[in-house]
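*Asks:* Pasting a predicted model and its sequence here:
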Number of protein chains: 2
Amino acid sequence: MATSTKKPATIPVDCTTCQARIDGLCQGYALNDLREIAGHKSGDRRVKAGQELLSLGEPCDAIYNLVDGWVILYILLEDGRRQILHFALPGAVLGFHPANGAMMTYGAQALTDAVVCVIPHKALGPLSRQYPEVGLRLGWLMSRDSSMSYAHLTSIGRHSARERVAHLILELFIRYRSRWPGHRIEEMHLPLTQEDIGDATGLTGIHVNRVLGDLKTEGILTFSYRRLSILDPDKLVDVAGTDPELLQSWIRQPAPAQSARDETVGGVSPISLTKGPRRRLGRANTGSGGAVVARCQA
Amino acid sequence: MATSTKKPATIPVDCTTCQARIDGLCQGYALNDLREIAGHKSGDRRVKAGQELLSLGEPCDAIYNLVDGWVILYILLEDGRRQILHFALPGAVLGFHPANGAMMTYGAQALTDAVVCVIPHKALGPLSRQYPEVGLRLGWLMSRDSSMSYAHLTSIGRHSARERVAHLILELFIRYRSRWPGHRIEEMHLPLTQEDIGDATGLTGIHVNRVLGDLKTEGILTFSYRRLSILDPDKLVDVAGTDPELLQSWIRQPAPAQSARDETVGGVSPISLTKGPRRRLGRANTGSGGAVVARCQA
DNA sequence: CGCTTACTTGAACCTTGTCAAGTCATGTGG
DNA sequence: CCACATGACTTGACAAGGTTCAAGTAAGCG
């Protein structure tokens, strides 16, 4: 379960066990640095499942480190249509905006009980002067977001309903499972309705239902009442029609802040996605000049 | 025209007049700082219209500051389907990747002759230590990219073909025109085919053609052979079914690196989008209760 | 046990895609 | 300046994938 049921709501976030240390903003910092960084926080915030964390149009003057729970980002149209933009998992940073004092251009709602730690935008300048890697890491996190967003764009724009649904489920499964490396389970609590899946994939909930029905008939997966079981991972990858490498790249960690590399989490190879070369992405035929591999240490 | 036809290909980029100084990475820096920053460059690169700048799957070890020209980011599927992810205009940063030494997850192709200046990833660490704002600005730029991407997701996922095409054209028009503040022209060279518009909006070129035909019949715009004229801006905004505020927010500048605020570019109000409150975005009805709760230590 | 939310299924409809056959615009060499 | 080649645009008929409307059933919750 992604929700923190063990802690009473009054206990503040414990930075030493925070997910943001694993692949989020605070990755790679030693304990005393964490204490420093936490000094910039304006506090923590807990929201119940179903509540809004950030509302469209409200001014946003802080970034939110998602510590626990699932959160969706979405845009609501005036006629009621909704597009889910992103499923944020612990370690994500929300509310980082291009322009200072800008309004939120989308909303954020908790799917499960959730916890965020809040850092005001105006602390970012000083913070990044003290810890220059923080700025870069924010950049990397944002860049990962847009990379994921690009994959979603491709899914919605150029894939069939079948592919889209399979792709989304595969993505969420892999992302979720990557944080429980030991588990080999192929079953999980996915806190979504079929309607939600529709709103994320650009389909109607009804059609999602039909697609899920097909996938069940074919023995690929079952999903009902927020319970997901993957029955045939390989077939699922096949139906999703995507390069598993791409999905993997999101759970691989950006470069850590310092040298404190932590290989215990992330980098796991979920299900059997490692089977042979399965290129699903084409290549342009315009010759492009050579490139050199280089490693970088920030 | 966005292409630089006046300079021969051998002259290096002049940082003092570079677009990246206006709303890109180098905004707000004084001349001697610019010189410092430019010292981290590994060089410039010029590509002809139609050529690939970055190829999918190749390792990427540098960021590319787009100095001049139009560049598309796209994903190509193995069966030939293509999704255009983004239209990059001067000032954009390309190739900034979450994981060090990662492969490109998408390709980039020049639509016009284009010029980029190249900064190796491994220079970013030192650079951001010397100029901490650089890391944050990169974050802001990436965050803007994902914000734009979110708008595209909504467009493709929840808008009709008509709305999508109108939205894209409006977006490109506004973004392009924002860099020529003086001009009140409603005509421009848009270096796209109808097929390209289709690949960006998740439609077929043929259907784009039909939609454009309708828009022309209705006296809203004409677009053919890369020539765009907006005949009725207000109607176009209406058809696009989007909040112009959102589009505006992308051409508004992020906070400058220092205090050197430069209001001469950007912040223009394109066409007559300023007419009254035109909220096209809905609001959730979940009461987003209270506020900040606990304070935290480390 | 009754309520609510979520899921399921069917039939009619409509938007968009597909296939095919054009026409028009632009550039090039003669 | 024209003939030709090429890429881009245009149009029509038809099919398909997905939506809409409507009427259910099952699961979870107090």
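*Replies:* On my side now, so go ahead. Numbering: from 1, shown residues only, chains lettered A, B, ... in the order given.
*Asks:* CA only for contacts and neighbour counts going forward, please
*Replies:* OK.
*Asks:* Alongside DNA strand D, which residues does the stretch 151-298 of chain A contribute?
*Replies:* Proximity of the stretch 151-298 of chain A to DNA strand D, by Cα under 7 Å from any atom of the strand, involves residues A:H159, A:S160, A:A161, A:R162, A:G202, A:L203, A:T204, A:I206, A:H207, A:V208, A:Y225.
*Asks:* hang on, isn't A:P59 packed against A:Y106?
*Replies:* No: the pair A:P59 / A:Y106 is not scored as a contact, 11.2 Å apart, by Cα atoms under 8 Å.
*Asks:* Could you check which of those two has the larger neighbour count?
*Replies:* Between A:P59 and A:Y106, counting by other Cα atoms under 10 Å in any protein chain shown, A:Y106 is the more crowded of the two (25 against 15).
*Asks:* Show me chain A divided up by domain.
*Replies:* What automatic domain parsing lists as the domains of chain A is A:1-145, A:159-256+A:266-279.
*Asks:* Nearest to B:R21, out of the ones you listed?
*Replies:* The closest of the domains of chain A to B:R21 is domain A:1-145. By Cα to Cα, the value is 16.0 Å.
*Asks:* circling back to that earlier point, which of the domains of chain A sits most buried?
*Replies:* Scoring those by mean neighbour count under mean count of other Cα atoms under 10 Å in any protein chain shown gives domain A:1-145 as the most buried, with a mean of 21.
*Asks:* JSON lines for the residues of the stretch 151-298 of chain A next to DNA strand D, including secondary structure and pLDDT?
*Replies:* Formatted as JSON lines, these follow (DSSP: H, G, I helix; E, B strand; the rest coil; pLDDT from 0 to 100):
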{"residue": "A:H159", "secondary structure": "coil", "pLDDT": "97"}
{"residue": "A:S160", "secondary structure": "coil", "pLDDT": "97"}
{"residue": "A:A161", "secondary structure": "helix", "pLDDT": "98"}
{"residue": "A:R162", "secondary structure": "helix", "pLDDT": "97"}
{"residue": "A:G202", "secondary structure": "coil", "pLDDT": "98"}
{"residue": "A:L203", "secondary structure": "coil", "pLDDT": "98"}
{"residue": "A:T204", "secondary structure": "coil", "pLDDT": "98"}
{"residue": "A:I206", "secondary structure": "helix", "pLDDT": "98"}
{"residue": "A:H207", "secondary structure": "helix", "pLDDT": "98"}
{"residue": "A:V208", "secondary structure": "helix", "pLDDT": "98"}
{"residue": "A:Y225", "secondary structure": "coil", "pLDDT": "93"}
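*Asks:* who's in contact with the residue nearest the centre of chain A?
*Replies:* When Cα atoms, centre = their mean is applied to chain A, the residue found nearest the centroid is A:A88 (4.1 Å). For A:A88, the contact set (Cα atoms under 8 Å, 6 or more residues apart in numbering or on different chains) comprises A:L66, A:W70, A:V71, A:I72, A:L73.
*Asks:* Specify the beta-bridge partners of it.
*Replies:* A:V71 (DSSP bridges).
*Asks:* Is A:A102 in contact with A:A62, as I believe?
*Replies:* No: in this structure A:A102 lies outside contact range of A:A62 using Cα under 8 Å: 10.6 Å.
*Asks:* okay, and the common contacts of these two?
*Replies:* With Cα under 8 Å, 6+ apart, A:A102 and A:A62 have no common neighbours.
*Asks:* Please tell me how far the residue of the stretch 1-150 of chain A at minimum distance from chain B sits from A:V118.
*Replies:* Across the stretch 1-150 of chain A, no residue is closer to chain B than A:G139, which sits at 3.5 Å (Cα to the nearest Cα). Applying Cα to Cα, to the nearest Å, the value for A:G139 to A:V118 is 18 Å.
*Asks:* now do A:L89
*Replies:* In terms of Cα to Cα, A:L89 sits 16 Å off from A:V118.
*Asks:* do the same with A:A102
*Replies:* In terms of Cα to Cα, A:A102 sits 17 Å off from A:V118.
*Asks:* and what of A:R137?
*Replies:* Taken as Cα to Cα, the span from A:R137 to A:V118 is 17 Å.
*Asks:* likewise A:A200?
*Replies:* 27 Å.
*Asks:* now A:N209
*Replies:* 38 Å.
*Asks:* now A:F173
*Replies:* Counting by Cα to Cα - A:F173 and A:V118 are separated by 27 Å.
*Asks:* so A:L34 touches A:C15, yeah?
*Replies:* Yes: with contact defined as Cα under 8 Å, A:L34 and A:C15 form a contacting pair (6.9 Å).
*Asks:* Now do the helices in the stretch 1-150 of chain A.
*Replies:* A:20-23, A:31-38, A:121-130, A:132-158 (DSSP state H, counting those that start in this stretch).
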